[in-house]
Structures are given as C-alpha cells and as structure tokens.
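Asks: below: sequence and its predicted model.
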Amino acid sequence: MSFCIERDYMSLPGKVIEVFQDSILVEVTPKPECNGCHACTGLLGGEKKSAPRKIKALKGEFSPEPGDEVILDINPGEGSIAAILVFGIPMFSFFAALLTAPQICSWLGWTQSDQNTFLIAFVGLFIGFVILAMISRTRRAEKLSLKVVEIVGKKKSPV
C-alpha cells in the first residue's frame, strides 16, 4: 500500500478482501509500532510481525467493496472498555477466588493450604475467562472491534 495517513496508534491501513452483511475481511500489514501488540490479530497470529494478516472489521456507515483501500480503527474510549473486559474480568475473578479461598475450602471440607488456595484462584481465573468468552460473543461486545473509519482508495473499475 502506497499511502500513509497520520492517525491514532491503532489505525491500520488495509485492502478489503471480502464483504459481508455487517462486516468485512481486510488484509492488513502491521506497522512497525505493532511489534508485540497482537491487539488486532490475537495472540495466535504467529511470529511474522510484518506478514499480511486478515482481520474481520465492522463496516460502520461505510459501504466498502472488495479491492477498496480502507483505514481501520477503534473509536476513542472503546479501547479502554475492551481492555477492562479483557484484563479486568479474569483478574477480578482470580482475586475474588483467591480472597474467598479459605471460605471455599471450608465449604468443600478441604484443608486450607497453599496448594488448595492456588487451585481455587486458578479455577476463578478460568471462570473469568469463560465469562469473558460469553461476553465476547454478544452483539454488544462486537461493537468494540476494529471498524472502517475511512475509505482511502476505491477499487478502479475496468473501462
């Protein structure tokens, strides 16, 4: 891609590959600043940081077509909400289980030991991830994903 636009740090230029009803599939090449972030591609994106990636994004009020060059971004404030969901829910459930571990041990008839407290805390962490997975599949949480904020270049139609 030959264009460069100064935007927020999460902005990604990309090319539309496929269009769906409410979303699009965009091929992006992560910027050098994205090294180690994984925010848009997930942790399983591999080690090739500069390799093109395919990302699902919301169309918003735009009507991109395959071949269009677009800018993807998140709205201000949505990044904070997403971070609270992704990090806050599991950590809250971990510490809640950790602090209530002595009571849980007595309910289960277990001896209160470091191993049991550790086990209960990580069960709480797992429950937090399950809650997060359930929330992330809702329509409301989908609105926190990357979305088209600008169509930079329309695909040139053959004449």
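Replies: Ah, there it is. Just so it is clear, the structure is predicted and the values come from calculations on it, not from any experiment.

Asks: dump the least confident helix or strand in the chain by mean pLDDT to PDB, keeping only the CA atoms.
Replies: Among the helices and strands of the chain, helix 139-142 carries the lowest confidence by mean pLDDT, DSSP states H and E, at a mean of 74. Provided in PDB are the C-alpha atoms of helix 139-142 (Å, rounded to 0.1, in the frame of the first residue of the first chain):
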ATOM      1  CA  ARG A 139     -23.600  -8.300  19.700                       C
ATOM      2  CA  ARG A 140     -22.700  -5.500  22.100                       C
ATOM      3  CA  ALA A 141     -19.100  -6.700  22.500                       C
ATOM      4  CA  GLU A 142     -18.700  -7.000  18.800                       C
END
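
Asks: mind listing residues that contact that helix?
Replies: With C-beta atoms under 8 Å, 6 or more residues apart in numbering as the test, helix 139-142 has contacts from 58, 85, 135. C-beta here means a position set from N, CA and C on the backbone, and glycine is covered the same way.

Asks: quick one: which of the residues you listed is the most crowded by neighbours?
Replies: Of all the contacts of helix 139-142, the most densely surrounded is residue 58 (18 neighbours; neighbours counted as other C-beta atoms under 10 Å).

Asks: pLDDT at it, what is it?
Replies: According to the model's per-residue confidence, residue 58 sits at a pLDDT of 86.

Asks: that one: what's it in contact with?
Replies: Contacts here follow C-beta under 8 Å, 6+ apart; on that basis residue 58 touches 22, 23, 24, 142, 143, 145, 146, 147, 148.
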